[in-house]
Structure formats: C-alpha cells, structure tokens
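Novice: Just to be clear, the model below is a prediction. Sequence and coordinates:
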Amino acid sequence: MRGAPFNLVRVDNGELTHILLVGEIDIYAAPTFKWLIVDAIQDGQRQIIIDYSEVTFFDSTSFGILVSSLKRLRAHDGRMALVINSGYLLNTFAILGFDKMFDIYSTIKEAEGSFAAGVKQKQS
C-alpha cells in the first residue's frame, strides 16, 4: 500500500533552515522527514524551523522523529521552532504536551523573529 501524497522541502538561508511539510506526513513520509532534519544538523545547521502550515495529517511515527530530532539538535546547542496555524494540529500538540517542549508560532515571520531575538528554547 502506498501512502498519501506528501512533499517535504528543505531551504537553507544562512544559519537558518526551513523545512516545509505539505500533505500527509505519515509512516511513508517519515523516513524523508527524518533524513531532512538529520541532514540539516549534520550540515551544521543549528536553527531549524519546521513549517506545518500545509500539513493535513501527522501520525505518531512523525511525532517520534520530531522529538528525537529536537534532542539531537539540542545536543549540538541548536534550536527548533514549529509553525502551526491549524487548530487541529495545535490541539494535538497540546494534548501530547508538545506545546511545553517546542516553541510554536503561527507564522514563519514570528518563528524567524524568535531566532533573531535570541529567545531561549523551551526545556522539557
């Protein structure tokens, strides 16, 4: 069985990496999602924004990747910010307690501003 359509894009802008997720991020998309984040960290990127603005579904496999990637990034003194503007996804993140673990913003501009302002990463 094949997963639903998805697209994942990584864009580096100096010290900042944007990862745009589009569509359903499920078990079929998870390896690509993990690779994009791990690859960015291995490339020396320490500021990562993951944009969920275009996500229609996000499964538990991908939640695990997100948590392990945050730990890996923190081990390199890095920071991650999430852009989520969907009430459904915000609610899901809150139920799981991820709103206490991750810095969540409603726009990319707000997330970028948090890096420029030197906002400290939430600690779990």
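Specialist: Cool, the structure landed.

Novice: From the contact counts, what lies against the helix of greatest length in the chain?
Specialist: Across the chain, the longest stretch assigned as helix under DSSP state H is helix 60-75. Helices and strands touching helix 60-75, by 3 or more CB pairs under 8 Å, 6 or more residues apart in numbering; DSSP states H and E, are helix 30-42, strand 79-83, helix 98-101. To be clear about C-beta, it is placed using only N, CA and C from the backbone, and glycine gets the same treatment.

Novice: Only the buried residues of the shortest one, if you could.
Specialist: To tie it back to what came earlier, the one meant is helix 98-101. Residues 98-99, 101 are the ones in helix 98-101 that count as buried (16 or more other CB atoms under 10 Å).

Novice: Paired strands for the following helix or strand past that helix, with orientation please.
Specialist: The helix or strand immediately downstream of helix 98-101 is strand 103-105, counting by DSSP states H and E. Note on strand 103-105: by DSSP bridges, its sheet partners are strand 79-83 (parallel).

Novice: Quick check: next helix or strand after the partner strand?
Specialist: With elements assigned by DSSP H and E, the helix or strand that comes after strand 79-83 is helix 87-95.

Novice: The most centrally placed residue in the chain pairs with what?
Specialist: With distances taken as CA atoms, centre = their mean, I50 lies nearest the centre of the chain, 3.2 Å away. Note on I50: beta-bridge partners by DSSP bridges are I19, L82.
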